[in-house]
Structure formats: structure tokens, C-alpha cells
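Chemist: A predicted structure for the sequence below; I have some questions about it.
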Amino acid sequence: MGTLHDEAFDELKCYLEQTVFSKTKTVTPLVHLKDEYVGYLVSLGDALRKATILQSMTDEPEYEDIPSDVPSAIDSEMHTLHAAAGILRKHMADIEHVGNMYAPVEETDIQHCAEFVPNTLYDFIQWCTSEKSHTNVTSCGDEGVMKNNLRTIAICHNIISQSRRVYATITLGLALQVHHELGSKHLIDMLHELGHCVSYDEVRRFLTSVAVDQTAPEDIYIPKVLQNLRCIDEYPIVDAAIDNFDQNEATLDGKSTTHAMAAVLFYRGKIQHDNGEGQGIPRLPRKSLSVGERALPWSEDLQRYNKPAKRPEPPPVNDVSLIDVDKDSSELKAAESKDLA
């Protein structure tokens, strides 16, 4: 095995001398070397560790010793960074993304979020943010190395969203969480400007798409995710919770109150569909729906409420006899003499 590793190292040395340390040739990815020696059990991480040792043994000239007609070391570093960015952009361009569909709920866990990120991008962010990973040249392709750092995955999703101009699972999920917890349009748009989540318009578009997808013209409404459920347990149970959410239950004049009720259906357990995969949600271009546009899961039609321009008031009293009272009357004097305490 040592002979095979030495052979791979010699090949890598010649490759680096012709590419990385060459002043005339551009840098190309080392994936070809990995594919060539995969039968020798030489991983990409092992090859990069050998390359790090080789680079540390190479004498780099000082900046002042470089002639004026030779590109400076800084230009060489920029050339290397530009080539690395081209490699990452190429791998991000190969990501399959369906722009007219939202991912199903089954693909929102950390495992699917990690699979969405190319290994090269994940390794690069890990080397930039983790001193241990950079020193050991740890790669997610190595045996025993898991691609489960949520912070690194989130940064990768942000970079992919900015590079591809698409929404990723984490960028969409963060905006939905902020909308659910705080409901602040300004905060979502501010996070969107920083590149951490999608815009507020995309949140509205997602909520509208989910509402249309889950709405069915039936008297008894059951979510589609439960309609297509394949029972994993022997006796699965679907629970229902019903409660009212009143707002302004009591006011001075009995107006501006809200008395509403909502029902929630939920299944305790893992959801698995007949085809083994969840169905995505079609992405609609609209951000809202009008009343009566679609058939709702109840028979009565919704009527739009038209707020009156003027609040109703008691009718004025026009009978003067009810206002003018004879102050000298015996009934008035008797009432004034009574102790009302």
C-alpha cells in the first residue's frame, strides 16, 4: 500500500508543478487525480494533505526579490483565488433546482440541506471558518467525516442563493420562521438585503401557494399530506385539536370583537408516501388570493365585509317634553329630598 501512495504522491507532485506552481498555466481541479487513484484507496483529503506538505517545503521568493517584469506574489494569489471561485461556481451551477416547485416538508431536514450543498463548497467554507479543518485538510469525502455542520451548511445555502439567484431551503425556512414568530416585513426584508433569507414577497408567494395547494372543494377538509399517508405503524392515529381564538372579547359598545374557531389535524409519527417521496408544492406567481376565487372546504360562500363609513349612534331625542321638566313640581321636590346614599 505504501508503494501505491508514493506513486500517487509523485503523480500529484508533477501535477502541482505543472499547474499550481506554473506561471503560464491555469489551475484545474484535482478531482481527476482522485478518480484516477480511487482504486488505490487514495482519497482527496489524503492527496491534499500531501500537497500541503509539498507546498510547505517549497521555497517561496520574497516580494522584494521578484523582478518588476514578473507578476507579483499577490497577483499569483489572486489568480489562485479566482480559479478556486471558478471551480465553486461551476459546481454550484450543476445543482438541480426546480424553480416552479417548493420542496416538500420531508426535504427540509439537515440531511437534505447538506445534500443540496456541493462537497467542494462545504470543504472550502469549513477550511475558511475552522482552524482544525484547515490544518488537517479535512474533507467531507474522507471516511468518517460527516457533512453536518449546520452553520457551514447555512453559509453555503446563502452563497448558492446569491450565486444562482434562487431560493434554498434554509433561506426560505428562516424567512418563514421570522414571519411566524414576529410577523415583521421590515425585519425579513432587512435579512434579505444581508443575504440570509428570501424576500417578504417570496414569503407571501409561498403562503399563497400552500393555501391553494392544500385547499380542496370538500365538505370535510383533510390535508393532502394526510390523505396520501401510507400507514407505517400498525394502528396510526390522527389527532384533532379545536379551539377558539377570540380578540377583543368585551368592548364598551359591544363592537369590534372577533369570535373565531380553528381546527388542527396532526399525525404523530414519520410520514411516508406511497411512492416513498413527498410531492412538492407548485410555486404560484401571485402573492394573494381574493375572496371567492377558489372553492373552499365549506359550502357557504364568504361575503366581504364593508365597514360603514359612520359608526351607528342612538337616535336624537326630539320631544322637548322629555327634556323640560317643571322645577316647581311636587314630584321633583320629593325626589330631591330623598337620600340616595
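Modeler: That came through, no problem.
Chemist: which other residues reach the helix or strand encompassing residue 192?
Modeler: Residue 192 belongs to helix 185-193 when elements are defined using DSSP states H and E. For helix 185-193, the external contacting residues (CB atoms under 8 Å, 6 or more residues apart in numbering) are 174, 175, 178, 179, 197, 198, 199, 200, 203. C-beta coordinates here come from the backbone N, C-alpha and C atoms, glycine included.
Chemist: most surrounded residue in these?
Modeler: residue 197 (30 neighbours; other CB atoms under 10 Å).
Chemist: Work out for me the element that one sits within.
Modeler: Applying DSSP H and E, one finds residue 197 in no helix or strand.
Chemist: looking at it, it is touching residue 174, isn't it?
Modeler: Yes: in this structure residue 197 lies within contact range of residue 174 using CB atoms under 8 Å: 4.2 Å.
Chemist: which residues touch residue 281?
Modeler: With CB under 8 Å, 6+ apart, residue 281 has these contacts: 101, 102, 104, 209, 210, 213.
Chemist: By neighbours, which of these wins?
Modeler: Counting neighbours by other CB under 10 Å, the top entry in these is residue 102, with 21 neighbours.
Chemist: What is the neighbour count of residue 156?
Modeler: By the criterion of other CB under 10 Å, residue 156 has 26 neighbours.
Chemist: nearest residue to it other than its sequence neighbours?
Modeler: By the measure of CB to CB, 6 or more residues apart in numbering, the closest residue to residue 156 outside its immediate chain neighbours is residue 117, 4.2 Å from it.
Chemist: Check what pLDDT the one you found gets.
Modeler: pLDDT for residue 117: 94.
Chemist: Let me know the secondary structure of it.
Modeler: At residue 117 the chain is in coil, as set by DSSP: H, G, I helix; E, B strand; the rest coil.
Chemist: What count of nearby residues applies to it?
Modeler: Neighbourhood size, residue 117 [other CB under 10 Å]: 25.
Chemist: what residues are up against it?
Modeler: Taking CB under 8 Å, 6+ apart, we find residue 117 in contact with 147, 153, 156, 157, 160.
Chemist: Please apply the same query to residue 118.
Modeler: For residue 118, the contact set (CB under 8 Å, 6+ apart) comprises 88, 91, 92, 94, 95.
Chemist: if you set the cut-off to 7 Å instead, what comes out?
Modeler: By CB atoms under 7 Å, 6 or more residues apart in numbering, the contact set of residue 118 is 91, 92.
Chemist: shouldn't residue 214 be in contact with residue 223?
Modeler: Yes: counting by CB atoms under 7 Å, residue 214 does reach residue 223; the two are 5.8 Å apart.
Chemist: So what's the residue count around residue 238?
Modeler: Look at residue 238: counted by other CB under 10 Å, it has 13 neighbours.
Chemist: My guess is it contacts residue 226. True?
Modeler: Yes: at 6.2 Å, residue 238 and residue 226 qualify as touching, with contact defined as CB under 7 Å.
Chemist: Overlap of the contact sets of the two?
Modeler: Residues touching both residue 238 and residue 226 (CB under 7 Å, 6+ apart) are 265, 267.
Chemist: any weak-confidence spans in the stretch 101-250 of the chain?
Modeler: Residues of the stretch 101-250 of the chain that meet the criterion pLDDT under 70 lie in 216-221, 224-225, 227-236.
Chemist: Please, where are all the helices along it?
Modeler: Ranges of helices in the stretch 101-250 of the chain, per DSSP state H, counting those that start in this stretch, are 110-115, 119-129, 131-136, 150-164, 169-181, 185-193, 200-214, 224-227.
Chemist: contacts for the fourth one?
Modeler: It refers to helix 150-164. Residues outside helix 150-164 that contact it (CB under 7 Å, 6+ apart) are 89, 92, 95, 97, 110, 113-114, 117, 121-122, 125-126, 129, 167-171, 195-196.
Chemist: Is there a quick ChimeraX command that grabs whichever of those are buried?
Modeler: The buried residues among the contacts of helix 150-164 can be selected in ChimeraX (16 or more other CB atoms under 10 Å) with this line:
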select :92,113,114,117,121,122,125,126,167,168,169,170,171,196
